[in-house]
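Undergrad: coords below, sequence missing:
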DNA sequence: CTGAAAGCGCTTACAG
DNA sequence: CTGAAAGCGCTTACAG
């Protein structure tokens, strides 16, 4: 018989029904300590009769852990972040952790607010894909609240001034390679779609270096947000706006475009399509992050791909390790892992 | 001065430093009860000095709520679910709730296991986008554990046998409209890509009804997983496999294809591309769920679109309401909201 | 193997 | 306005 009513039974109820102390009931249900098999059986039966469900809140109170990890991302709809989220969740779930996902929408105050409330919830660990370039405010905040108290790991983008373990892609090199590829194909006027005030500075740096190494003068008009005000979301709409401006302005006259993240890539492709331009004849194109339809596009799209799954796997493993053994030596704690990107050459730059 | 060490201070530490009782310190920090402004000030100062961070676990213990909601989805990488997740998170965050996201990967046991541990964590509410057709096992499980105890809401797909509030799309009608559209254009052999053993039965039903209403005999070979074993993920790989089989088998000879979810759509498009077939001349195509690149494809892709944002918004609002006032009358509790889909006609069926 | 008791960090009547 | 005390539901030494 299963009793099914609205009351939430506690371990005390189970103990009374089984005719033992709460301590003993706890030992059976929690699997710690030792009990006679006969007692164990009667406690189990009582728990089942009452449909007893342990209260993890109370357990956390005593055990000082919550089996919960926080994951902060800028936009869970961005395939890059959702891939990270999925892989991380999967990895951590295997070890008994739940993942609280927080969307910052590239909003610094939201990010800080999340960090605070997650800490109040006494999460066991935190993974942050901050939307922001080494921002002093967030660095300070995290440093003040967290540092050393709870295992925290930074992914996707470094936070300057914070000595925390980090797992990122080699953004500089990815952009350098892509730009070099375009230069090799004869392009000299290469437009870059990425917002300079947001998170893509390393990629822009890689672009600049490639130009420099090939003796091509830098034209600021070809970078990102010239002429388009208030850029920061780095989303599809912005990518489209920037691309349209770039492809129609008399000042830019680009022969190739490099988009610096996946959503900007989609936006740029929309713009090229709407303007009726042909890839690669009218404009060569390289996107960022591979996507399902890249091979279906006409022509297929060349992209700089990140090892997104690896980032999540490595980050998850390190966080698990940090939660297991909080005390690590400084050098190990601060070790920064940087993963190579790969240029996947398809038809969109006419190679 | 800010004291910055590893110790986590409690309200007791703050009280001692401020020279008051813990009750008074709690009143100041928690904002309940009344205190003199002088006392308030000294408590605030003490809290700041110690960098005091309240323990939400302890608060939950007393207050009997956690300000946390569980969200169960099959695959957070699926744009449909990530859109739901983002909108839900945003909506609930405004009301002070955190969202724990759980990926089931279409795995029934994982789903049940998540439900249990979420309940142990004493979440305040639960939103389930189950991967499964009215499955008795899960229905029983949820019924037993949850019903009436914690506000639970079903989205995306009904769970048969459960009288819980539901927010879904009109899947039947969406497929009916799409199929009718293809029939109107002269197609009689329309292949459907969707796994019959998984979640898409209502959509398949809509397809069948449209054929019937137009006097076209049903050919089981044109439905889904014929010839492709072990279908159930409903993902890109499966969509591609099914489409290839469908487009190359001598038995099927379809002139049009309808894909029944977004990932299957991507897979089908990959297949068509790889086989070197032209849309719409060789095969007309309708996908499910709109996507960023739908207008960029050549030709642009006709899709059945769901009001995904609305689903999330309505579901979030209802869940908030359910958490606010747990006691509602039966009729209201079980009310099922069904949102219309829209057929967005583009070039891929040659209209 | 088992139980009585203390305690995790808060909140909340109950007095004063 | 303020404090002493009880209690939320567990776990964990400490005895026996």
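TA: Structure's in. What do you need? Remember, predicted model here, so these are calculated numbers, not experimental data.
Undergrad: Pull up the gap between residue A:318 and chain B, please.
TA: Distance from residue A:318 to chain B, counting by CB to the nearest CB, to the nearest Å: 21 Å. Where C-beta positions appear, they are placed from N, C-alpha and C, glycine not excepted.
Undergrad: That residue against residue A:152, yeah?
TA: No. Taking contacts as CB atoms under 8 Å, residue A:318 lies outside contact range of residue A:152: 10.9 Å.
Undergrad: Point out the residues in chain A that sit beside DNA strand D.
TA: Contact residues (CB under 7 Å from any atom of the strand) of chain A with DNA strand D: A:8, A:10-12, A:22-23, A:26-27, A:29-30, A:32-33, A:52, A:54-55, A:58-59, A:61-63.
Undergrad: check the residues you listed against DNA strand C, which are close?
TA: Answer for the residues of chain A next to DNA strand D near DNA strand C (CB under 7 Å from any atom of the strand): A:22, A:23, A:27, A:33, A:58, A:61, A:62.
Undergrad: Just those: which are in helices?
TA: The helices, defined by DSSP state H, take in A:22, A:23, A:27, A:58, A:61, A:62 from those.
Undergrad: Which of these are buried? Put it as a ChimeraX command.
TA: Those of these that count as buried under 16 or more other CB atoms under 10 Å in any protein chain shown are selected in ChimeraX with:
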select /A:27,61
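Undergrad: Among the ones in helices among the ones next to DNA strand C among the residues of chain A next to DNA strand D, which one sits closest to residue B:211?
TA: Residue B:211 lies nearest to residue A:58 out of those, by CB to CB, at 57.2 Å.
Undergrad: Do you know the pLDDT at the closest residue to the closest one other than its chain neighbours?
TA: Distances taken as CB to CB, 6 or more residues apart in numbering or on different chains place residue B:61 nearest to residue A:58, at 6.4 Å, with adjacent residues excluded. At residue B:61, the pLDDT value in this model is 93.
Undergrad: go on, residue A:248?
TA: With respect to pLDDT, residue A:248 scores 93.
Undergrad: follow-up on the earlier one: hmm, which of the residues of chain A next to DNA strand D are the buried ones?
TA: In those, the ones that pass as buried (16+ other CB under 10 Å) are A:8, A:10, A:11, A:26, A:27, A:29, A:52, A:54, A:55, A:59, A:61.
Undergrad: distance of the residue of the stretch 1-150 of chain A found nearest DNA strand C from residue A:27?
TA: Closest to DNA strand C within the stretch 1-150 of chain A is residue A:34: 2.4 Å, counting by CB to the nearest atom of the strand. Remark: distance between residue A:34 and residue A:27 (CB to CB, to the nearest Å) = 7 Å.
Undergrad: ok, now residue A:33?
TA: 4 Å.
Undergrad: what does residue A:94 give?
TA: The spacing between residue A:94 and residue A:27, counted by CB to CB, is 27 Å.
Undergrad: One more: residue A:176?
TA: Going from residue A:176 to residue A:27 by CB to CB gives 61 Å.
Undergrad: sec struct for residue A:20, please.
TA: coil (DSSP: H, G, I helix; E, B strand; the rest coil).
Undergrad: That should have said residue A:101, apologies.
TA: strand.
Undergrad: What are the neighbouring residues in contact with it?
TA: Residue A:101 is in contact with A:71, A:73, A:76, A:85, B:85, B:89, B:99, B:100, B:101, counting by CB atoms under 8 Å, 6 or more residues apart in numbering or on different chains.
Undergrad: what helices or strands is whichever strand or helix holds the fifth one leaning on?
TA: So the one you mean is residue B:85. If you go by DSSP states H and E, residue B:85 is part of helix B:79-93. Here helix B:79-93 touches strand A:98-103, strand B:68-73, strand B:98-103, helix B:308-324, going by 3 or more CB pairs under 8 Å, 6 or more residues apart in numbering or on different chains; DSSP states H and E.
Undergrad: Now mean pLDDT too, for these, in a markdown table please.
TA: Conversion of the helices and strands packed on helix B:79-93 to a markdown table gives the following (pLDDT from 0 to 100):
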| stretch | mean pLDDT |
| --- | --- |
| strand A:98-103 | 90 |
| strand B:68-73 | 94 |
| strand B:98-103 | 90 |
| helix B:308-324 | 95 |
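Undergrad: and chain A, which residues reach DNA strand C?
TA: Residues of chain A lying near DNA strand C by CB under 7 Å from any atom of the strand: A:20-24, A:27, A:33-36, A:38-40, A:58, A:61-62.
Undergrad: Nearest to residue A:302 among the residues you listed?
TA: When the residues of chain A next to DNA strand C are compared for distance to residue A:302 (CB to CB), residue A:61 wins out at 54.3 Å.
Undergrad: Looks to me like residue A:160 is in a helix.
TA: No. Using three-state DSSP, the assignment for residue A:160 is coil, not a helix.
Undergrad: Check the burial of it by counting its neighbours.
TA: Residue A:160 has 12 neighbours, counted by other CB atoms under 10 Å in any protein chain shown.
Undergrad: Could you pull up the mean pLDDT of stretch A:117-130?
TA: Mean per-residue pLDDT for stretch A:117-130: 91.
Undergrad: For the stretch 251-351 of chain A, which segments are assigned as helices?
TA: Listed in chain order, the helices of the stretch 251-351 of chain A (DSSP state H, counting those that start in this stretch) span A:262-274, A:308-324, A:330-333.
Undergrad: could you list every residue that touches the closest residue to DNA strand C within the stretch 151-300 of chain A?
TA: Closest approach between the stretch 151-300 of chain A and DNA strand C, counting by CB to the nearest atom of the strand: residue A:151, at 18.3 Å. Counting by CB under 8 Å, 6+ apart, residue A:151 touches A:124, A:125, A:126, A:319, A:322, A:323, A:326.
Undergrad: Likewise for residue A:350?
TA: Residues near residue A:350 by CB under 8 Å, 6+ apart: A:185, A:280, A:281, A:284.
Undergrad: ok, now residue A:8?
TA: Going by CB under 8 Å, 6+ apart, residue A:8 touches A:53, A:55, B:149.
Undergrad: ok, now residue A:275?
TA: By CB under 8 Å, 6+ apart, residue A:275 lies in contact with A:244, A:247, A:248.
Undergrad: let's see 10 Å
TA: A:243, A:244, A:247, A:248, A:282, A:283 (CB atoms under 10 Å, 6 or more residues apart in numbering or on different chains).
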